[in-house]
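Participant: Sequence plus predicted model, see below.
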Amino acid sequence: MFKEFKEFAMRGNVLDMAVGIIIGAAFGRIVASMVDDILMPPIGRLLGGVDFANFFISLNGESYPSLAAAKAAGAATINYGVFVNAVINFLIVALAIFLLVKQVNRIQKPAPAPAASVPATKECPQCISTIPAKATRCPQCTSQL
């Protein structure tokens with residue numbers, strides 16, 4: 001059983017998938033940082049100094065100055081600002097993957113078109129017998145082809 005597992009784990013596609021997952025997780029963290037630390041602050045500034053991460057609704061009816069304060073008080077909240085950041089993260093990752101797949105498809109050579117199959121035999125129009133395709137005279141009726 002260990003031998004079978006080792007053969008499964010050492011296949012090329014399993015290792016490629018593992019590398020892809022690890023790189024994808026690292027890429028996700030980079031995109032999250034880009035959204036949270038680079039994109040959202042200027043957008044918040046343009047909208048009057050708003051921090052999207054602090055957009056929330058307190059379900060207990062009390063008002064809190066920030067999401068951290070609400071969490072510290074143990075209040076149940078709907079964090080729609082964090083959700084907006086997550087949607088922007090997703091859109092950036094989806095765009096990056098789309099562009100990557102598009103480039104890979106462009107770089108890869110197109111699959112060769114299947115060669116037209118040339119029949120090995122043909123029929124004689126005079127006697128309807130089967131003869132080789134390259135024949136110029138029918139061996140049965142001796143007609144010129």
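Facilitator: Here it is on my side, so go on. Numbers count the residues shown, from 1 in each chain.
Participant: quick one, helices of the chain?
Facilitator: 2-9, 12-33, 40-46, 67-72, 80-107 (DSSP state H).
Participant: And the contacts of the second one?
Facilitator: With CB atoms under 8 Å, 6 or more residues apart in numbering as the test, helix 12-33 has contacts from 8, 9, 85, 89, 92, 93, 96. (Glycine included, C-beta is placed from N, CA and C.)
Participant: Please repeat the previous calculation with a cut-off of 7 Å.
Facilitator: 8, 89, 92, 93 (CB atoms under 7 Å, 6 or more residues apart in numbering).
Participant: Just give me the closest of those residues to residue 125.
Facilitator: residue 8 (59.2 Å; CB to CB).
Participant: The closest one and residue 2, how far apart?
Facilitator: Plainly put, residue 8 is 11 Å away from residue 2 if you go by CB to CB, to the nearest Å.
Participant: Of the two, which one has the most company?
Facilitator: Neighbours per residue, other CB atoms under 10 Å: of residue 8 and residue 2, the larger number sits with residue 8, 9 against 6.
Participant: what residues are up against that one?
Facilitator: Here residue 8 is in contact with residue 14 (CB under 7 Å, 6+ apart).
Participant: pLDDT check: weakest of the contacts of helix 12-33?
Facilitator: Model confidence across the contacts of helix 12-33 bottoms out at residue 8, which has 72.
Participant: From residue 21, how far out is that residue?
Facilitator: Using CB to CB, residue 8 is found at 16 Å from residue 21.
Participant: what residue is smack in the middle of this structure?
Facilitator: Residue closest to the mean C-alpha point of the chain, counted by CA atoms, centre = their mean, is residue 97 at 5.6 Å.
Participant: surely residue 55 meets residue 83?
Facilitator: No: between residue 55 and residue 83 there is no contact under CB atoms under 7 Å: 8.8 Å.
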